[in-house]
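Colleague: Mind looking at a prediction? Sequence and model below.
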Amino acid sequence: MCAQDFDSDDEYVPVYSNPKKRISEKTSDWRKRNKLWSLPEVVKLVNGISQFGVGKWIAIRRIFFSSSSYSTSLDIRDKWRNLLRASYAQLMDGAQILHSSSPDIASLT
């Protein structure tokens with residue numbers, strides 16, 4: 001039976017597969033309170049990447065972040081991806097500045 005089969009007087013009520021999993025009013029309850037990364041932690045991450053390679057997040061966490069109870073292997077992966085995005089954005093900003101400061105070829109002729 002679909003929504004078209006109802007008369008105009010009938011109210012269509014969607015059926016949830018699991019009513020206990022409905023989104024609560026406070027959606028921020030499930031979010032973890034993220035702690036900012038310090039410079040020594042970022043250096044440890046870069047050292048871990050250079051030693052184990054990208055994708056070996058569990059090994060990096062086990063060796064370099066064993067004392068930290070809040071950094072999971074997914075946190076480490078996300079931080080690495082954010083560092084890559086930030087460095088790429090900074091590189092692109094520098095390239096735009098470099099190209100805009102170069103003389104225009106058309107104006108030289």
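Modeller: Noted; the coordinates are in hand.
Colleague: all contacts plus neighbour counts: C-alpha atoms, from now on.
Modeller: Will do.
Colleague: for residue 69, helix, strand, or coil?
Modeller: Put simply, residue 69 is coil when judged by DSSP: H, G, I helix; E, B strand; the rest coil.
Colleague: count of neighbours near residue 77?
Modeller: Burial measure for residue 77: 19 neighbouring residues, criterion other CA atoms under 10 Å.
Colleague: Pull up the gap between it and residue 46, please.
Modeller: Distance, residue 77 to residue 46, using CA to CA, to the nearest Å: 11 Å.
Colleague: again with residue 61
Modeller: 12 Å.
Colleague: Between the two, tell me which one has more neighbours.
Modeller: residue 61 (22 against 16).
Colleague: Which element, helix or strand, includes the more buried one?
Modeller: helix 57-64 (DSSP states H and E).
Colleague: So which bits of that helix are buried?
Modeller: 57, 59-61 (16 or more other CA atoms under 10 Å).
Colleague: Now do the helices in this structure.
Modeller: 39-52, 57-64, 73-101, 105-108 (DSSP state H).
Colleague: who touches stretch 67-77?
Modeller: 45, 55, 57-58, 60-61, 65 (CA atoms under 8 Å, 6 or more residues apart in numbering).
Colleague: Tell me the one of those residues nearest residue 82?
Modeller: residue 45 (12.2 Å; CA to CA).
Colleague: Many thanks, have a good one.
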